[in-house]
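**Student:** With the sequence up front, the predicted model follows.
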Amino acid sequence: MTTEAPRAPKITLTNLTPGYLGDIGPEEFLEGMELKDLDLAEVDSTQATYLDSSLSRVNFGDAESPVNLTGARFSGSRIEDCRADTWTMPRGSLVHTEISGTRIGAGVVHDSVWEKVVLSNCRISYLNLRGAKLTDVQFRDCVIDEIDLDRAKVNRVSFPGSSVGVLQCESATLGNVDLRGLQPHKISGVHSLRGATIDEMQMMLFAELFASELGITVE
C-alpha cells in the first residue's frame with residue numbers, strides 16, 4: 001500500500017493592504033493585510049481571523065509576554081521569518097497556510113486544527129500538538145527538538161528533510177504519516193505508530209527504542 005502524500009495548500013496573496021499594530025485585537029477579522037516588522041508582545045488576538053494575509057518579520061513576543069492567539073484562525077495566509085519564544089495558539093486553526101524561516105521556542109497549539117499546512121526551514125524547540133487534528137501537513141527542512149502528538153488525529157503528514165529529537169504519540173491515531181528519514185533518539189507511544197511509514201534502515205535503528213518502549217529485554 002502506498003503512503004499518501006500531504007496535499008499542498010492553495011495561497012493567493014495579491015493587493016495586500018498594509019496592517020498596523022492597532023488593527024490587531026480580540027475577534028478582529030483581518031483580510032488581505034500585510035503585517036510586517038511588528039512586535040506583538042502581550043497583544044490580545046484571541047478568536048481573531050487572519051484571511052489571505054501575510055505576516056513577515058513579526059515578533060510574537062517573548063516567553064513572559066507572548067501574543068495571545070487562543071482560538072485564532074489563519075486561512076490562505078503566509079507567515080515568514082518570524083520569531084516566537086512562546087507561540088500561544090491553543091484551539092486555533094491553520095488552513096491553507098505556509099510558515100517559513102520561523103523560530104519557535106515553545107509552540108502551545110494543543111487541541112488545534114491544521115489542514116493543508118506547510119512549515120519549511122523552521123526551528124522549533126517544543127511543539128505541543130496534543131489532541132490536535134492534522135490533515136495534509138508537511139514539515140519540510142525543519143529542526144524540531146520535540147513534537148508531542150499525544151491523543152492527536154494525524155492524517156497525511158510528512159517530514160521531508162527534517163529532524164525530530166523526541167517523538168511523542170501516546171494514544172494518537174495515525175494514517176499515512178510518513179516518518180521516513182527521521183532519527184529520533186526517543187519515541188513515546190510505539191504502540192500508537194500504527195498507520196505510520198518507516199524505511200528498512202529506520203526499522204533497524206529503532207529496534208532498541210521499540211524494545212525499550214515495549215519492555216522487551218534484548219540480551
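**Tutor:** Alright, I've got the coordinates.
**Student:** What distance do you get for the closest residue to residue 96 other than its chain neighbours to residue 34?
**Tutor:** Once flanking residues are discounted, residue 96 sits nearest to residue 9: 4.1 Å by C-beta to C-beta, 6 or more residues apart in numbering. All C-beta atoms are positioned from the backbone trio N, CA, C, and that covers glycine. Separation of residue 9 from residue 34 (C-beta to C-beta, to the nearest Å): 18 Å.
**Student:** of these two, who's got more company?
**Tutor:** Higher neighbour count among residue 9 and residue 34: residue 9, with 21 against 15, using other C-beta atoms under 10 Å.
**Student:** Now do the same contact list for residue 216.
**Tutor:** Going by C-beta atoms under 8 Å, 6 or more residues apart in numbering, residue 216 touches residue 210.
**Student:** ok, so what distance separates it from residue 190?
**Tutor:** Going from residue 216 to residue 190 by C-beta to C-beta gives 10 Å.
**Student:** related to what we said a few turns ago, what helix or strand does the residue nearest to residue 96 sit in?
**Tutor:** Counting by DSSP states H and E, no helix or strand carries residue 9.
**Student:** pLDDT at it, what is it?
**Tutor:** Listed pLDDT for residue 9 reads 97.
**Student:** Which of the residues in the longest helix anywhere in the chain are classified as buried?
**Tutor:** Scanning the chain for the longest helix, with DSSP state H as the assignment, gives helix 207-214. Of the residues in helix 207-214, 209, 213 count as buried by neighbour count, 16 or more other C-beta atoms under 10 Å.
**Student:** Tell me which other helices or strands it touches.
**Tutor:** Contacts defined by 3 or more C-beta pairs under 8 Å, 6 or more residues apart in numbering; DSSP states H and E place helix 207-214 against strand 186-188.
**Student:** who are the neighbours in contact with residue 175?
**Tutor:** Residue 175 makes contact with 154, 155, 156, 195 under the criterion C-beta under 8 Å, 6+ apart.
**Student:** ok, back up a step: might one say that the residue nearest to residue 96 is in contact with residue 117?
**Tutor:** Yes: under the criterion of C-beta atoms under 8 Å, residue 9 makes contact with residue 117 at 6.4 Å.
**Student:** Can you check which residues contact both of these two?
**Tutor:** With C-beta under 8 Å, 6+ apart as the test, residue 9 and residue 117 both reach 95, 96, 97, 98, 136.
**Student:** what's the burial count for residue 31?
**Tutor:** 14.
**Student:** could you measure it against residue 52, distance?
**Tutor:** In this view, residue 31 and residue 52 are 6 Å apart by C-beta to C-beta.
**Student:** lowest-confidence helix or strand of this protein?
**Tutor:** Counting by mean pLDDT, DSSP states H and E, the weakest-scoring helix or strand in the chain turns out to be helix 207-214, with a mean of 73.
**Student:** Output that helix in CSV with nothing but the alpha carbons.
**Tutor:** Output of helix 207-214 as CSV, limited to C-alpha atoms (Å, rounded to 0.1, in the frame of the first residue of the first chain):
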residue,chain,number,x,y,z
ALA,A,207,14.8,-1.6,17.3
GLU,A,208,16.3,-0.6,20.6
LEU,A,209,13.8,2.2,21.1
PHE,A,210,10.9,-0.2,20.3
ALA,A,211,12.2,-2.8,22.7
SER,A,212,12.6,-0.3,25.5
GLU,A,213,9.2,1.1,25.0
LEU,A,214,7.6,-2.3,24.9
